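Engineer: Return a 3D structure for these sequence lines:
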Amino acid sequence: MTASYPIHFACWSGDDARHVLATEALEGHEAQFMATHLPITGFDIKGSHATEIGEPHEDALLASLIRPNLRHAFCVVEGEAGSGKSHLIRWLRVKWSSESDLVLLVQRADGSLEGTLRQLRNKLPPAYQDLLQGIGQRQEATLIGRSRFFQASLAQTLRPDFFESPILHSEWSGEWRLDELINHNAVLEHWRAPRRILEILSGAEGRRNSALADFNLYDVAELSALQTYIENPSTKMLRFLRLLKKEADEIYPLQKEKVAPGDAWQRLEDRVPQSKKLVEALNARMNTAVQNLLGISSHELRELFFKLRAGLKREGRRLVLLLEDITTFQGIDNQLIDVLVTQSTTRAEDDLCDLISVVGITPDYYHQHLRTYANYVERITYHLVLGAQVDEHFQDVAFLRDEGSQVAFAARYLAAVRTGTDTLASWYSSTDGPLPNKCVHCRFQEPCHLAFGESEGIGLYPFTSGAISRMFLSLEDPAGANTWKTPRGMIQGVLSPTLLHPETIQTGQYPSAQIEVAYLPDSVRRLTGLGETLLRNSVDDENMHARLRRLIALWGDKQKLETTGSGTSEAFAGISRGVFEAFGVPWLGEANLQTQTPNEGAGTPPEQGPVQEASANVLTDIPSKNQAAGPAASTGKSSKTSTAGPSSTQVQKRLDQIAAWRDGKKLEDPTFWQKQLVEFIFKLPWTQLGIAVAWKNRFFTENSIRIEGTGKSDTRHFVVPAEDWLKGGLDSLLSLKTDTAGGSLLEVHRRLVARMHRKLCHAVREHIAKKIPLLEDGTPWSVVGAATQVLAVRAWLRGASSPLRTTASNWSELLSDELDATSSPEQRVPSWDELLSKTRGSHDKVREMLRQLVQLPQGNSPEFGTTAVGDAASALLSLQSTFQLCPSPTKEIAVTEQTADIAKTSQYATETRDRIGGLPEREYERLHEHACELEAMLREFSIREHVKRVDQVVRGVTTHLPQAAPLQVENWQKAQRKLEGRGFLDPGVSAIADEVEAFLNGARDLPAAPNFPSIAAMFDWVLSAPAGPLTNVCESLRIGEATIKGLYDYVNNFLTSQKGSQSNRLSEIQALGEKTTTICAQIAAGLEKTNG
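Structural biologist: Coordinates of the predicted model:
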């Protein structure tokens, strides 16, 4: 900035600021009041005579009220606390020029009923002050004593016979005998609600702020908890407390959430009927109890005012009552409103003076009280509403809705504070001219107004229009009880923290910590990630860092951290360079944000090749809010289905959430941010990362992806660490999506998103490694390869395929559902059937996993299963050529829902590897032994012939010797039937017998040790052997051999036993000799084809 500007210069004094900003009383301070007054306009006008006020302007209101011929007016000014009701009413007092009227202005004062009544009495003419003598006297009892008296009076009003005419819930109160409950000693001692009511009625030590004194559902919930203190309760009392206790379970959660009592009432609807009735009954009787406390009868105040009006009638005067806040009369407000609505013209006696009343009320009072009093609403003459409902809780302020009016309001105070109280007093007493403006004669006016701006010639220093509006619109009540976007909020939340502390400017501490009032949310005070990065790299001093942070956050646009303009219009983040110079802080416009992106940090190896390229190009998949979702975008035609992007307010709210998270606060709305993260993760280059789509779909779902610290997590979840790279990446991602990143910031945001992309690529790989462990040598384990080999071996052992078949044929078979085995596994070497048994339980799950891993995706996904298919083909070819399985992890895989099939695959691979080694050789040897044995037993006969010959021997022997070897004979008969049942003895051609005999012919010349060109060829040979039939024939013929031997032994033993026996019958001896000769011949013939 070329024009000079003094650094650390304050053009006002703290004393003047305190006098101008802290004025509550009007008398003696009219100069300050009028100097800061901004006309109140734009209000809504309702009421029975609304048309009499020509326009929504304070001048029109005054003109209507001050008319000499106006005999009655009940004017209600409705607005939020601090919205300007009191200011408007005070302004009416200052401008009221009818000297014949008795004008009584009753200010809010300390907010107490007693103080308000004293103020009213003291403002009456001396002749009438005795009318209110004794009313409003503070009692000597303590607050605790008065609250007990108030509660006891309240209990009496709950008796059904207390009022002449029954009021709300009288019968119900009597039925439950609620007077006994409320007046019980334990309740008097422990129930805090009555004391809270009296504290509010007493002004809450000056902090009442138009708060209503009402019982609410939270008070009833507290009452229900006092059951433990009540000794020997009556049956009805106990039953009622139990009802309240049950309903309190509905109330407590809302109280814990700090829901306002009025909102809790609406949300609970009809779920707490007894509690709501009790609240209504207590509030309906509260005024009576308060009046008893004050010693005022039900109509006493009304009669006293009638006496005052009668006296003024005799004097020919009109009474003008200007009541800033009706809530300060709560307790007797029903009597007061009776006075205000009573018209002199409707009384036959014509004994009362005319009455003009202007009463300030809040929206809560209007809806919860005024509308419940008989027909008072219909009797309102003028009903001014200073704002419109902006949400479910609060109204705005019409004359502060736009930035221009907000700045004009602040400018009046700035001018008054600079002018000083003495000069203001002279100005007010001597002239009706415009407010003095010290800027007119200031030698720094030109550079000051150029840098900070002005409103109608009044400089905004040390604010700017943007700072004033930004801070004002950001004001919030931390308790949520009131809105602070009001004139009072502007004074206390925006102007006072600066104007009351000019020393912070003079000592070079401004913008100081004082401006960060509690009403400015943390989100407003924070910078974005880029902003914090810029400051960290620009300044080392923490104090300077804090000052610059406040400057950018409150004076500037923290989303536009770029330099614009040149010369005197040069600005950074929308803040003129002159502002930086005036505050004595470093100019940030020279900072190059493109060099400010944080380093990757340790622990993340740089990505190379395709992944690095994907990270660089990641932004091509990020849609902006202006990027249309359909064909209409390219044609320029509008689409009824298109949706508008988020508003700037919504975007800022989201970015503030990230800023708060970066500052160590809990991430707000984690569901939204996890959705953004999930969408981003789903678009990672999975194929280039070497991660199958099936793993992506399994381990990275919407429900399994979590941001650290946003909820419970376990081994199933992919938890992304809440580190700076994630926070900055999400911040920049949203900025790019919503087009809030522009100019020089665009490339910085791109780099931050690309950094997040690289970090996530590394993180997903690590997550997969936890689910799928590495091999012992540290290399990746191929689940696809292991599953392929396990299923291929199963297919071979079952006889469904062979290692000598083509890879394609094997691939098709191992992916197919299994049918019954044709290889007779149970009749092979033990390890053959054991291997199939060990891998039988979950082979279908392993197969389904493999199918998912190698299948092509559906829809428009760019990811294909090419990597998985390649792994499968490589593993299958290796198995076919070497008959050995690839290595599998030695580390046990934790079995979860996500990893059960992976763990089974590893287990099956180990089982297969342990049993497949040497299996073909062992089976070859077994087959060779069986073949040799069978050859020997057949003695060059065919199977059918041999069985026939054995059977002839058995039949021949048993014909002569029926008792010969009965067990062996029975076994042979069973074996013969099995052979017959299996087709070995079919008449004509027996295919199964021919198959075995053909195998024997082929195996006759094979060596005892296998001699094949490859293990695959050997396995193919043993697989093709009729192992089952061969085993069956061997087992049956062994039984035949054993039967023949048994018969032979029996006959031999029989002959031996007969040699020494004597017989008297020669014929028997001759017959026995013939039988023996025949049997031996038959056995010999059955054992050998030739002699020997």
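Engineer: Surely A903 is in a helix?
Structural biologist: Yes - A903 forms part of a helix when assessed by DSSP: H, G, I helix; E, B strand; the rest coil.
Engineer: How about the contacts made by it?
Structural biologist: Neighbouring residues of A903 by CB atoms under 8 Å, 6 or more residues apart in numbering: E892, I893, A894, V895. Just so you know, the C-beta spots here come from the backbone N, C-alpha and C atoms, and that holds for glycine as well.
Engineer: Farthest pair within those?
Structural biologist: E892 and V895 (8.9 Å; CB to CB).
Engineer: wait, T563 sits on F580?
Structural biologist: No - applying CB atoms under 8 Å, one finds T563 not in contact with F580, separated by 11.6 Å.
Engineer: Identify the contacts common to these two.
Structural biologist: Counting by CB under 8 Å, 6+ apart, the residues touching both T563 and F580 are F572.
Engineer: Which residue ranges of the stretch 301-450 of the chain form strands?
Structural biologist: Using DSSP state E, counting those that start in this stretch, the strands assigned to the stretch 301-450 of the chain run over residues 319-323, 355-361, 382-385.
Engineer: following the helix or strand of the chain with the lowest mean pLDDT, which helix or strand shows up next?
Structural biologist: In the chain, no helix or strand scores lower on mean pLDDT, DSSP states H and E than helix 632-635, which sits at a mean of 36. For helix 632-635, the following helix or strand on the C-terminal side (DSSP states H and E) is helix 648-662.
Engineer: For the stretch 401-550 of the chain, which segments count as helices?
Structural biologist: Under the criterion DSSP state H, counting those that start in this stretch, helices of the stretch 401-550 of the chain are mapped to 403-419, 421-430, 445-452, 465-474, 487-489, 496-499, 503-506, 522-525, 529-538, 542-550.
Engineer: among the ones you listed, which is nearest P721?
Structural biologist: helix 529-538 (15.8 Å).
Engineer: What angle do helix 648-662 and that closest one make with each other?
Structural biologist: Counting by axes from the mean of the first three to the mean of the last three CA atoms, to 10 degrees, helix 529-538 points 50 degrees away from the direction of helix 648-662.
Engineer: So for helix 529-538, mean pLDDT?
Structural biologist: On average, the pLDDT along helix 529-538 is 85.
Engineer: again, but for stretch 120-134
Structural biologist: 83.
Engineer: Buried residues in that stretch, which are they?
Structural biologist: L120, R121, K123, Y128, L131, L132 (16 or more other CB atoms under 10 Å).
Engineer: Same check on stretch 365-385?
Structural biologist: For stretch 365-385, burial by neighbour count (16+ other CB under 10 Å) applies to 365-366, 369-370, 376-377, 379-385.
Engineer: possible to save those residues as CSV with pLDDT and distance to L736?
Structural biologist: What follows is those, written out as CSV (pLDDT from 0 to 100; distance: CB to CB, whole Å):
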residue, pLDDT, distance to L736
Y365, 86, 49
Y366, 88, 47
H369, 79, 52
L370, 81, 52
Y376, 85, 57
V377, 89, 54
R379, 92, 60
I380, 94, 54
T381, 96, 58
Y382, 97, 53
H383, 96, 50
L384, 97, 48
V385, 97, 43
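Engineer: In contact with P462, which residues?
Structural biologist: A10, F452, T498, I505, Y510, A582, F583.
Engineer: Tell me the buried residues in the helix or strand hosting T912?
Structural biologist: Assigned by DSSP H and E, T912 belongs to helix 900-916. Neighbour counts over helix 900-916 (16+ other CB under 10 Å) mark 901-913, 915-916 as buried.
Engineer: Please enumerate the helices of the stretch 701-850 of the chain.
Structural biologist: Under DSSP H, counting those that start in this stretch, the stretch 701-850 of the chain gives helices at 724-737, 745-771, 783-797, 807-815, 830-838, 843-854.
Engineer: Name the residues that touch the fifth one?
Structural biologist: This points to helix 830-838. With contacts defined as CB under 8 Å, 6+ apart, helix 830-838 is touched by 793-794, 797-798, 821, 825-826, 908, 911-912, 915-916, 919, 922-923.
Engineer: starting at the chain centroid, how far to stretch 279-289?
Structural biologist: For stretch 279-289, the separation from the chain centroid amounts to 42 Å (computed by CA atoms, centre = their mean, to the nearest Å).
Engineer: just stretch 1006-1024 next, same as before
Structural biologist: Centre-to-centre, stretch 1006-1024 and its host chain are 65 Å apart (CA atoms, centre = their mean).
Engineer: Extract the CA atoms of that stretch and return them as CSV.
Structural biologist: Extracted in CSV, the C-alpha atoms of stretch 1006-1024 (Å, rounded to 0.1, in the frame of the first residue of the first chain):
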residue,chain,number,x,y,z
LEU,A,1006,6.5,-103.2,-15.9
PRO,A,1007,9.5,-102.9,-13.5
ALA,A,1008,9.0,-103.0,-9.8
ALA,A,1009,10.2,-99.4,-9.6
PRO,A,1010,8.3,-96.8,-11.7
ASN,A,1011,10.0,-95.6,-14.8
PHE,A,1012,8.0,-92.7,-16.4
PRO,A,1013,9.0,-89.6,-18.3
SER,A,1014,7.4,-87.4,-15.7
ILE,A,1015,5.5,-87.6,-12.4
ALA,A,1016,2.5,-86.4,-14.3
ALA,A,1017,2.7,-89.3,-16.6
MET,A,1018,3.1,-91.7,-13.7
PHE,A,1019,0.1,-90.2,-11.9
ASP,A,1020,-1.9,-90.4,-15.1
TRP,A,1021,-1.0,-94.1,-15.4
VAL,A,1022,-2.0,-94.9,-11.8
LEU,A,1023,-5.1,-92.8,-12.1
SER,A,1024,-6.1,-94.8,-15.2
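Engineer: Point out the other helices and strands that the helix or strand encompassing M286 packs with.
Structural biologist: Secondary structure from DSSP H and E places M286 in helix 273-294. Contacts defined by 3 or more CB pairs under 8 Å, 6 or more residues apart in numbering; DSSP states H and E place helix 273-294 against helix 113-123, helix 143-157, helix 170-176, helix 217-224, helix 235-256, helix 261-268, helix 333-341.
Engineer: go again using 7 Å as the cut-off
Structural biologist: If contacts are counted by 3 or more CB pairs under 7 Å, 6 or more residues apart in numbering; DSSP states H and E, helix 273-294 sits against helix 143-157, helix 217-224, helix 235-256.
Engineer: okay, these in CSV with mean neighbour count and distance to E933 next?
Structural biologist: Listed next are the helices and strands packed on helix 273-294 as CSV, based on neighbours: other CB atoms under 10 Å; distance: least, CB to CB, whole Å:
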stretch, mean neighbour count, distance to E933
helix 143-157, 19, 109
helix 217-224, 22, 93
helix 235-256, 16, 84
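Engineer: In TSV, list these along with distance to E570 and mean pLDDT.
Structural biologist: Shown next, in TSV, are these (distance: least, CB to CB, whole Å; pLDDT from 0 to 100):
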stretch	distance to E570	mean pLDDT
helix 143-157	61	89
helix 217-224	56	95
helix 235-256	52	94
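Engineer: Format the ones you listed as CSV; extra columns: distance to L188.
Structural biologist: Shown next, in CSV, are the helices and strands packed on helix 273-294 (distance: least, CB to CB, whole Å):
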stretch, distance to L188
helix 143-157, 5
helix 217-224, 12
helix 235-256, 14
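Engineer: Can you say which of those is nearest to P1026?
Structural biologist: Closest of these to P1026 is helix 235-256, at 77.0 Å (criterion: CB to CB).
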